[in-house]
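Engineer: any chance you could fold what I've pasted below:
(chains A, B, C and D)
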2 protein chains.
Amino acid sequence: MGQAEHSPTREILRRLKAQWVEFLRSHSLNTTQQRENIVDAFLRSQEHVSIDQLLARVRKRNPKVGYATVYRTLRLLVESGLANPRQFEDGQTRYEVAGAHHDHLICVKCNMILEFESEEIERLQEQVAARLGGFRVLRHKHELYCLCPKAQGIPGGHCPNEKE
Amino acid sequence: MGQAEHSPTREILRRLKAQWVEFLRSHSLNTTQQRENIVDAFLRSQEHVSIDQLLARVRKRNPKVGYATVYRTLRLLVESGLANPRQFEDGQTRYEVAGAHHDHLICVKCNMILEFESEEIERLQEQVAARLGGFRVLRHKHELYCLCPKAQGIPGGHCPNEKE
DNA sequence: TTCAGTGCAAAATTTTTGCATTACG
DNA sequence: CGTAATGCAAAAATTTTGCACTGAA
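Structural biologist: From the prediction side, this is the model:
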């Protein structure tokens, strides 16, 4: 199964950390051991982490962190724009690092996942949101469920998955 | 809660109902009063219904239908392809009628859900898919998580939810 | 009549909250 | 020190399951 990994660059991570510090400051929130542990573990994670996974990682360093703190901190991470929640079909909410965001193209036959980005689409999204009543887009999800040329039965069609 | 309308045509509804009957038949499932009530209420619903909403509607006609039956029937509806589950970020799973596809704009503050369509975006999606390797787009999900003007703190800003 | 389907309530899951205690600033 | 934040456990909220009873075929 094709899995696209997106590791945020060190540069992005630095910016996100700064954003977090600024968020704490501007909301008069304290810096605590636990929050630091959780945020660091979250930013270090390179995929969509569930609460459980995140808690497990945090506890390796600081064994007595509780569930509630992870939930509360994750809520702050979402509010501050560092984390995006995603619901897959397993009933667990997972969180992805903002800035590692990509849209996905999925071939429904071979399950390959490609990523894409389109500035034009993003621009149109904002137009749509503005037109519908002055909304500001915070984030989005965009998934295209497709058939690759091969699965379409096109003569000589390839699946990018198997090329090269 | 503001819900945009997008009614499947009578023609589509008829086809879906036929699909349901065929599903029951081919899986040797019984037709029951409750299943009929639930499926009809679901197909009649013109937005994304949550379990609660659907149960409430069903109980108007048949007051002693239980939660469990709704859950179980909805699972069948998903299996049969009549319903698509959607997880927005308000913690409730919602279901939309297949064939009544639309994209969504969600206000993360008031949880209002609006629908939108943009031919331009759809055209760009196809361009993207073609460019990535000759893919054909079968369907897609597109969700914009936004803040309404009021939630943005814009002076005099309204939430379309409360206008009029 | 038979057994799939239902309703209820209890269990399992996931997330939130109340409150005494800890520790940041 | 004062009070925001934590940890724990209890409460909510959502979904699933067990089981005796009902009703479709």
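Engineer: so which bits of chain A are right by DNA strand C?
Structural biologist: For chain A, the contact set with DNA strand C under Cβ under 7 Å from any atom of the strand comprises A:30-33, A:51, A:67-68, A:71-72, A:75, A:91-93. Using the backbone N, CA and C atoms, a C-beta is placed for each residue, glycine as well.
Engineer: in chain A, which ranges drop under the pLDDT threshold?
Structural biologist: Confidence mapping of chain A against pLDDT under 70 gives the ranges A:1-8, A:88-90, A:100-101, A:157, A:160-164.
Engineer: among the residues of chain A next to DNA strand C, which one has the most neighbours?
Structural biologist: A:T93 (17 neighbours; other Cβ atoms under 10 Å in any protein chain shown).
Engineer: let me see the contact set for it.
Structural biologist: A:50-51, A:85-87 (Cβ atoms under 8 Å, 6 or more residues apart in numbering or on different chains).
Engineer: which one of those is nearest DNA strand D?
Structural biologist: Nearest to DNA strand D out of these is A:Q87 (Cβ to the nearest atom of the strand; 10.0 Å).
Engineer: that closest one and B:Q87 touch, don't they?
Structural biologist: Yes. Taking Cβ atoms under 8 Å as the definition, A:Q87 is a contact partner of B:Q87 at 3.5 Å.
Engineer: just the ones of the contacts of A:T93 in helices?
Structural biologist: Counting by DSSP state H, the members of those that fall within helices are A:I51.
Engineer: closest to A:K141 out of the contacts of A:T93?
Structural biologist: Nearest to A:K141 among the contacts of A:T93 is A:R86, at 7.5 Å by Cβ to Cβ.
Engineer: so is the nearest residue to the closest one once chain neighbours are set aside in a helix, a strand, or just coil?
Structural biologist: For A:R86, ignoring the flanking residues on the chain, the nearest one in space by Cβ to Cβ, 6 or more residues apart in numbering or on different chains is A:R94 at 5.0 Å. Put simply, A:R94 is strand when judged by DSSP: H, G, I helix; E, B strand; the rest coil.
Engineer: thought A:R94 was touching A:H48?
Structural biologist: Yes. The pair formed by A:R94 and A:H48 meets the contact definition of Cβ under 8 Å, at 3.8 Å.
Engineer: domain parsing of chain A, as residue ranges.
Structural biologist: Chain A resolves into domains spanning A:10-97, A:100-164 when parsed by automatic domain parsing.
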